[in-house]
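Q: I'll drop the sequence and a predicted model, then ask my questions.
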Amino acid sequence: MAALVENLLSVSRIERGAMRLEVEPTDWGQVLGEAVANFLPLAGEKGVHLSLRKPEELPKVLVDKFRISEVISNLLANAIAYTRPGGSVELSAQADDLEVTTQIKDTGQGIPESARSRLFTKFFRVSGVLEQGSKGTGLGLYISKAIIDMHKGKIWVESSLGVGSTFFFTVPVVEAAKELKVVEAKKEEAIAVPELAQPAVERSPTPVAANTANKKTKRFFKRKS
């Protein structure tokens with residue numbers, strides 16, 4: 001119930017254009033390393049192998065670390081929750097001159113093509129045999145897309161039934177972010193969020209099971225209200 005209330009508050013801020021970004025140059029490799037460290041216990045309990053693959057050096061990105069960590073946590077929680085024991089989840093990243101692309105690849109059940117266009121809508125969850133016992137709110141992907149949109153990034157998915165899913169999202173490197181006007185919001189100002197109508201073919205996540213990882217990532221959902 002607590003996770004649902006917190007997510008509903010985030011949705012309210014998004015739809016009122018009242019969600020703020022507090023961006024700063026950020027070491028992306030460090031963000032990814034911290035995310036994996038946070039989820040290793042959960043993956044271990046589930047019997048899922050969690051790994052990180054990235055270049056030795058990644059360019060700094062201009063992001064709100066708390067909000068972006070919320071996105072990564074949501075995607076990792078989904079991937080672990082919908083991957084069978086003995087399967088694997090890999091977090092990886094690569095960069096070019098303009099942006100860093102981050103991937104969360106799992107060996108889970110996959111997502112039906114018919115469901116992918118609705119993944120970023122409110123309260124939508126993908127049904128499946130692994131869904132039993134999951135307590136996701138159906139809001140995590142909607143919130144994640146809003147956060148990525150605010151960073152002038154993109155988010156999408158590639159998936160094969162019975163094989164798994166790979167979620168991708170991009171965030172601009174520092175110089176590109178300045179050109180795109182991803183700027184820090186003053187305390188009294190709000191950055192409006194682009195309207196999130198029916199999402200295109202963006203990504204298809206395994207239904208949000210962020211609640212499962214709530215105990216280990218609770219701090220992400222309490223910082224701003």
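A: Yep, it's here.

Q: by mean pLDDT, point me to the weakest helix or strand of the protein.
A: When the helices and strands of the chain are compared on mean pLDDT, DSSP states H and E, helix 214-217 comes out lowest with a mean of 44.

Q: what's the distance between the residue most central in space within the chain and Arg20?
A: Geometric centre of the chain, nearest residue: Val71, 2.7 Å, by Cα atoms, centre = their mean. From Val71 across to Arg20, the span is 16 Å (Cβ to Cβ, to the nearest Å). Every residue, glycine included, has its C-beta placed from N, CA and C.

Q: Lys65 too?
A: 13 Å.

Q: report the longest helix in this protein, please.
A: Identified as the longest helix of the chain according to DSSP state H is helix 28-46.

Q: and the helix or strand following that helix, which strands flank it?
A: For helix 28-46, the following helix or strand on the C-terminal side (DSSP states H and E) is strand 49-53. Paired strands of strand 49-53, with direction, are strand 88-95 (parallel) (DSSP bridges).

Q: hey, C-alpha coordinates of the partner strand in CSV?
A: Taking C-alpha atoms only, strand 88-95 is exported to CSV below (Å, rounded to 0.1, in the frame of the first residue of the first chain):
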residue,chain,number,x,y,z
SER,A,88,20.2,-13.8,-15.5
VAL,A,89,19.9,-10.1,-15.6
GLU,A,90,22.6,-7.9,-17.0
LEU,A,91,22.9,-4.1,-16.6
SER,A,92,25.1,-2.5,-19.3
ALA,A,93,25.9,0.8,-20.9
GLN,A,94,27.7,2.3,-23.9
ALA,A,95,28.2,5.9,-25.0
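
Q: residues touching it, excluding its own?
A: When contacts are defined by Cβ atoms under 8 Å, 6 or more residues apart in numbering, strand 88-95 is touched by residues 28-29, 32, 35-36, 43, 48-55, 58-59, 72, 76, 79-80, 83, 100-107, 173.

Q: give me the buried subset of those residues.
A: Neighbour-count burial (16 or more other Cβ atoms under 10 Å) is assigned, among the contacts of strand 88-95, to 28-29, 32, 35-36, 43, 48, 50, 54, 58-59, 72, 76, 79-80, 83, 100, 102-107, 173.

Q: just the pLDDT for Val208.
A: Val208 carries a pLDDT value of 41.

Q: for the helix or strand encompassing Ser165, packing partners?
A: Using DSSP H and E, Ser165 maps to strand 164-172. Using 3 or more Cβ pairs under 8 Å, 6 or more residues apart in numbering; DSSP states H and E as the contact criterion, the elements in contact with strand 164-172 are strand 61-63, helix 65-81, strand 99-106, helix 140-150, strand 155-160.

Q: avg pLDDT for the helix or strand following it?
A: Following strand 164-172 in sequence order, the next helix or strand is helix 174-179 (DSSP H and E). Averaged across helix 174-179, pLDDT comes to 80.

Q: quick revisit: what's the closest of the helices and strands packed on strand 164-172 to Leu9?
A: Closest to Leu9 of these is helix 140-150 (Cβ to Cβ; 10.2 Å).

Q: Lys178: neighbour count?
A: Counted with other Cβ atoms under 10 Å, the neighbours of Lys178 add up to 12.

Q: residues contacting Phe168?
A: Applying Cβ under 8 Å, 6+ apart, the residues near Phe168 are 101-103, 154-158, 203.

Q: where in this structure is pLDDT low?
A: For the chain, the stretches flagged by pLDDT under 70 are 1-4, 7, 10-12, 14, 18, 123-124, 126-137, 183-225.
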